[in-house]
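> need a structure here:
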Amino acid sequence: MPIQIKDGLPAIEQLEKENIFVMTLDRAIHQDIRPLEIVILNLMPEKPKTELHLLRSLSNSPIQLNIDLFHPNTHECTTTSKDHLESFYKTFDEIKKRKYDGLIITGAPVEKLVFEEVDYWNELKEIMDWSKHNVCSTMYICWAAQAGLYYNYGIKKHNLDSKSFGVFEHKINNKNCPLVRGFDDTFWAPHSRHTTIYREEILTIPELELVSESKDAGVYIVASKDGKHIFVTGHSEYDARTLQDEYERDKKKGLSIAIPKNYYPNDDPKKTPAVRWRSHSNLLFSNWINYYVYQQTPYNLENIR
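The predicted model follows:
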């Protein structure tokens, strides 16, 4: 949450130079406060696991959040029970007449497919179009980040020679970006994907900013300069066991899978994984909620433009 101080205090200028959010009393007393309406499009097969990851990440915000979950109309999910979907999920048809403060679109295990071959691609395009006029800010995660960059800006994904799998060190390109406010100069985040996007293609789009990247994992966070679109190619929301579960799952399937990098102490799968990304994950989600949603969204959602 912001520091509230009296207008004109000399410290304000220095605090703002340090990328610390300061709210003057004049602005504070004119703020209307209400719960934020957040909707999550969950494209992952094991939906309860993803729900837990995202809700845990969102829960660190001091702002009250009302959460809706929805899934594509045009895809039959066979890995989550029908009862669970009917009890806790809506379809796009059920929510598209509403407006929301924030939208999260998850990754999906379809990254090896051409976007147009994904069975719910046309519906996802409709959802992304809808979000431009009905959502204050959208966060796209992993495959969804690649899909959003492709559909909105024409940036293509590219196959990797081997899976980007593990926990990687990242740097910040712009320390004044509110999304990384409070981050260390370098930080760690998990990745698990077979495709990537090229930084050179991001830099050709004037509307986009390359906020963070990794020497080993490539582009990590990209943001539209108007704050409407936040693209995160990794999985900062993962819990301690997620990469281990993926590693064991692929081994059982007989797939060629390397040990997740920088994950187990001494790269020994018999040891307990070392979690080194949780604090920055919490910051990423709380910064998005605070600076890109709460501080930007109108009190009356019907006024979202």
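
> what residues sit buried inside stretch 117-126?
118, 120-121, 123-124, 126 (16 or more other C-beta atoms under 10 Å). (Each C-beta comes from the backbone N, C-alpha and C, glycine too.)

> looking at those, which one is closest to residue 250?
Nearest to residue 250 among those is residue 118, at 21.2 Å by C-beta to C-beta.

> which residues touch that closest one?
By C-beta atoms under 8 Å, 6 or more residues apart in numbering, the contact set of residue 118 is 108, 110, 124.

> state the distance from it to residue 43.
To residue 43, residue 118 is 9 Å away according to C-beta to C-beta, to the nearest Å.

> cool, residue 114 as well?
To residue 43, residue 114 is 16 Å away according to C-beta to C-beta.

> more crowded one of those two?
For residue 114 versus residue 43, neighbours defined as other C-beta atoms under 10 Å are more numerous around residue 43 (25 against 9).

> picking up where we left off before, give me the common contacts of residue 118 and residue 43.
Taking C-beta under 8 Å, 6+ apart as the criterion, residue 118 and residue 43 both touch residue 108.

> which residues does the lengthiest helix in the chain contact?
Longest helix in the chain, counting residues (DSSP state H): helix 121-134. Helix 121-134 is contacted by residues 41, 72-75, 92, 96, 98-100, 103, 105, 115, 118, 138, 147-148, 151-152, 228, 304-305 when judged by C-beta under 8 Å, 6+ apart.

> again, 6 Å this time
Applying C-beta atoms under 6 Å, 6 or more residues apart in numbering, the set of residues contacting helix 121-134 from outside is 72, 74, 92, 96, 99, 103, 115, 138, 151.

> show me where the stretch 151-300 of the chain has helices.
Here the stretch 151-300 of the chain has its helices, by DSSP state H, counting those that start in this stretch, at 199-202, 242-252, 278-287.

> most tightly packed of these?
Mean neighbour count (mean count of other C-beta atoms under 10 Å) peaks for helix 278-287 among the helices of the stretch 151-300 of the chain, with a mean of 20.

> who does residue 71 form a beta bridge with?
residue 91 (DSSP bridges).

> do the same with residue 141
Under the criterion used (DSSP bridges), residue 141 bridges to residue 232.

> number of nearby residues for residue 225?
12.

> check contacts around it.
Going by C-beta under 6 Å, 6+ apart, residue 225 touches 207, 209.

> please report phi then psi for it.
Main-chain torsions, residue 225, degrees, to the nearest 10: phi -70, psi -20.

> returning to what we had before: a markdown table for the buried residues of stretch 117-126, including distance to residue 240 and pLDDT?
Shown next, in a markdown table, are those (distance: C-beta to C-beta, whole Å; pLDDT from 0 to 100):
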| residue | distance to residue 240 | pLDDT |
| --- | --- | --- |
| 118 | 30 | 95 |
| 120 | 31 | 96 |
| 121 | 33 | 97 |
| 123 | 33 | 97 |
| 124 | 30 | 97 |
| 126 | 36 | 97 |
